[in-house]
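Peer 1: Take this sequence and fold it.
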Amino acid sequence: MGLVVQKYGGSSVADAEGIKRVAKRIVDAKKNGHQVVVVVSAMGDTTDELIDLAEQVSPIPAGREFDMLLTAGERISMALLAMAIKNLGHEAQSFTGSQAGVITDSVHNKARIIDVTPGRIRTALDEGNIAIVAGFQGVSQDKKDITTLGRGGSDTTAVALAAALDAEVCEIYTDVDGVFTADPRVVKKAKKIDWISFEDMLELAASGSKVLLHRCVEYARRYNIPIHVRSSFSGLQGTWVSNEPQGAQKVEQAIISGVAHDTSEAKITVVGVPDKPGEAAAIFRAVADAEINIDMIVQNVSAASTGLTDISFTLPKAEGRKAIDALEKAKGAIGFDSLRYDDQIGKISLVGAGMKTNPGVTADFFKALSDAGVNIELISTSEIRISVVTRADDVNEAVRAVHSAFGLDSDSDEAVVYGGTGR
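Peer 2: Numbers count the residues shown, from 1 in each chain. Below you'll find the model as predicted:
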């Protein structure tokens, strides 16, 4: 038996009973002959509570101190889990991200991993211990400050450690039984997917599927680390995410892998942009200089009478104010008329590698939305994805309509969200 990295989300360790249940699962893996490294998130809603507390003290918390605060949640989880494992008669050692050798850049609140040097983890494993690592955190390479990795950081920590330790698999334990064809909170008849390729999972994650985050999947693809998404609340097999199907799961990939949605984005429209070379570059340079990632972009046809056009793009709601401020500062240089901001939008995406060889998928997608009475505001496509922006109020109905139209509804039991969040 080889080395296994297991990651447990906040809902899995939300209380003392959950921690004891997770400890038993970890010990069972150890008894089966595996070396076990565990990455753990903060308990339940601890991180959200710490964020709320910080905002009560300071409307704009300093990045360095904010990271120092947020990493406390994972440190609590790792210590309690190590205690629970020791109570079951096995040795466990807990490590912060910096002690585990997770080295990052210096960007607070959304740092990126640039190296992992897991010397202390290897020593703990060689001594026969179970290693418990606090997820979501690391230490900056230059200043040696504590950093946090942003949304999905514990998943990324787990995959990065799995790559550095040459693990057989990275098991991501959550509160659903795997990756489903849609969010089981929205589509009760969503099907569990037995195997999905890295490429399809990347598209689903980038389109709003919350069970795995984009950065985690990208890291796994880069280092070819198979991910097994499972529930910590059941003993069922989950979903394998890899280059090739695992074990007996030699199945032909489905035409459509799933339907994802995202209501965390906003739309900015830059009105009255001079239709000449360099204007779009100036707009997106201003946004990039503010360190804001954008998603979908649409430019209207220029009006012949005015020579002006409109450019719309989507971005995270949390970055909306910063983007507006950056564009307002650049207004004189760019020469646009005004800005419009809309945060009542949602994105629906259809994902599947089989789209490339199956005519009619796009037509069926738009017909399903039309039959549901859903109006489309923006459209974006890739080889294996079609995404549209609609009104936020229409998202759930649109997801259910598209899911049914492509025959993805399950005939069996409804999907279960054990912890209530789908993550």
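
Peer 1: Can you show me the helices along the chain?
Peer 2: Here the chain has its helices, by DSSP state H, at 16-31, 46-57, 63-87, 119-126, 153-164, 198-206, 214-223, 279-289, 320-329, 331-334, 361-371, 395-405.

Peer 1: Tabulate the ones you listed in TSV, adding columns for mean pLDDT.
Peer 2: Shown next, in TSV, are those (pLDDT from 0 to 100):
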stretch	mean pLDDT
helix 16-31	96
helix 46-57	93
helix 63-87	96
helix 119-126	97
helix 153-164	95
helix 198-206	92
helix 214-223	93
helix 279-289	95
helix 320-329	96
helix 331-334	92
helix 361-371	95
helix 395-405	96
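
Peer 1: Those helices: which one's closest to residue 40?
Peer 2: Proximity to residue 40 (C-beta to C-beta) singles out helix 63-87 among those, at 4.5 Å. Glycine gets a C-beta too; all of them are placed from N, C-alpha and C.

Peer 1: Quick one: distance of stretch 363-382 to the chain centre.
Peer 2: Relative to the centre of its chain, stretch 363-382 is centred 24 Å away, using C-alpha atoms, centre = their mean, to the nearest Å.

Peer 1: Stretch 80-99 too?
Peer 2: So, by C-alpha atoms, centre = their mean, the centroid of stretch 80-99 is 27 Å from its chain's centroid.

Peer 1: contacting residues around that stretch?
Peer 2: Outside stretch 80-99, the residues that touch it by C-beta atoms under 8 Å, 6 or more residues apart in numbering are 8, 13, 16, 19-20, 22-24, 26-27, 30, 38, 40, 43, 71, 74-75, 78-79, 120-121, 124, 127-139, 144, 146, 157.

Peer 1: Quick check on these: which are buried?
Peer 2: 8, 13, 19-20, 22-23, 26-27, 30, 38, 40, 43, 71, 74-75, 78, 121, 124, 129-139, 146, 157 (16 or more other C-beta atoms under 10 Å).

Peer 1: Identify the residue nearest residue 302 in space, chain neighbours excluded?
Peer 2: In space, and not counting its chain neighbours, residue 302 is closest to residue 275: 3.8 Å by C-beta to C-beta, 6 or more residues apart in numbering.

Peer 1: That neighbour against residue 301, yeah?
Peer 2: No - if you go by C-beta atoms under 8 Å, residue 275 and residue 301 don't touch, sitting 9.0 Å apart.

Peer 1: which residues do these two both contact?
Peer 2: Joint contacts of residue 275 and residue 301 (C-beta under 8 Å, 6+ apart) are residue 309.

Peer 1: Which of those two has more residues huddled nearby?
Peer 2: residue 275 (16 against 8; other C-beta atoms under 10 Å).

Peer 1: which phi and psi does that one have?
Peer 2: Phi and psi for residue 275, reported as degrees, to the nearest 10, are phi -90, psi 80.

Peer 1: residues in contact with it?
Peer 2: Going by C-beta under 8 Å, 6+ apart, residue 275 touches 302, 307-309.

Peer 1: Turn the residues you listed into a markdown table, including pLDDT and distance to residue 339.
Peer 2: As requested, these are exported to a markdown table (pLDDT from 0 to 100; distance: C-beta to C-beta, whole Å):
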| residue | pLDDT | distance to residue 339 |
| --- | --- | --- |
| 302 | 77 | 19 |
| 307 | 86 | 19 |
| 308 | 92 | 14 |
| 309 | 93 | 14 |
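
Peer 1: Return the closest of these with respect to residue 232.
Peer 2: residue 309 (51.0 Å).

Peer 1: starting at the chain centroid, how far to stretch 288-308?
Peer 2: Worked out by C-alpha atoms, centre = their mean, stretch 288-308 lies 27 Å from the chain centre.

Peer 1: and it, which residues are buried?
Peer 2: Neighbour-count burial for stretch 288-308, counted by 16+ other C-beta under 10 Å, picks out 290, 292, 294-296, 298, 308.

Peer 1: for stretch 52-59, same thing?
Peer 2: Residues residue 54 are the ones in stretch 52-59 that count as buried (16+ other C-beta under 10 Å).

Peer 1: neighbouring contacts of it?
Peer 2: Residues outside stretch 52-59 that contact it (C-beta under 8 Å, 6+ apart) are 61, 66, 69.

Peer 1: For these, give me TSV that also has distance to residue 218.
Peer 2: Shown next, in TSV, are the contacts of stretch 52-59 (distance: C-beta to C-beta, whole Å):
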residue	distance to residue 218
61	29
66	25
69	28
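
Peer 1: Quick check: nearest residue in space to residue 77, chain neighbours excluded?
Peer 2: Nearest non-adjacent residue to residue 77, counting by C-beta to C-beta, 6+ apart: residue 40, 4.5 Å away.

Peer 1: Distance check, the one you found against residue 259.
Peer 2: To residue 259, residue 40 is 31 Å away according to C-beta to C-beta, to the nearest Å.

Peer 1: Also residue 291?
Peer 2: From residue 291 to residue 259 the distance is 31 Å (C-beta to C-beta).

Peer 1: Same question for residue 177.
Peer 2: 18 Å.
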